[in-house]
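Visitor: Predicted model and sequence follow; I will ask about them next.
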Amino acid sequence: VQLVESGGGLVQPGGSLRLSCLASGFFFSDYVMGWARQEPGKGLEWVSGFYTNGSTYYADSVKGRFTISRDNAKNTVYLQMNSLKPEDTAVYYCNAKRVTIGNDYWGQGTQVTVSS
């Protein structure tokens, strides 16, 4: 099982990035996908994800700026991040979960730094 994030980097405030998470080793369509982030010295914060019914959720801090999407044909989940702020700086992790069988997978993370 692998979740490989990409697309992080350094961006100026107000800029955009698109994160990708390529999944392998499990049946992607059966899993709820999400994104979480962690700032240095702080706990994990859920940013966005899909509910089991396919609807999406967003943390209040990113609503209206971030958009999650998935392409089951490509085994990939995306996080489009617009109007980035310095407080969005964190390591972003991809998560795959199948609650019914207790599977919970994480990627290695990708660094996003928002700074002028």
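Guide: The structure has been received and is ready for your questions.
Visitor: Starting from I68, give me the distance back to A36.
Guide: 12 Å (Cβ to Cβ, to the nearest Å). From N, CA and C alone the C-beta is placed, and that goes for glycine too.
Visitor: swap in N53?
Guide: Distance, N53 to I68, by Cβ to Cβ: 15 Å.
Visitor: more crowded one of those two?
Guide: Set N53 next to I68 and count neighbours by other Cβ atoms under 10 Å: I68 wins out with 20 against 6.
Visitor: so how many other residues sit close to E45?
Guide: Using other Cβ under 10 Å, E45 has 14 other residues around it.
Visitor: Name the SS class of it, please.
Guide: When classified by DSSP: H, G, I helix; E, B strand; the rest coil, E45 comes out as strand.
Visitor: do T100 as well
Guide: Under three-state DSSP, T100 falls in the helix class.
Visitor: What about it, how many residues nearby?
Guide: Going by other Cβ under 10 Å, the residues that sit close to T100 add up to 8.
Visitor: That one and V114: what is the separation?
Guide: As judged by Cβ to Cβ, T100 and V114 stand 37 Å apart.
Visitor: Then K74?
Guide: Between K74 and V114 the distance is 27 Å, computed by Cβ to Cβ.
Visitor: what's the pLDDT at the closest residue in space to R37 that isn't next to it in sequence?
Guide: Nearest residue to R37 in three dimensions, chain neighbours excluded: A90, at 3.8 Å (Cβ to Cβ, 6 or more residues apart in numbering). With respect to pLDDT, A90 has a value of 98.
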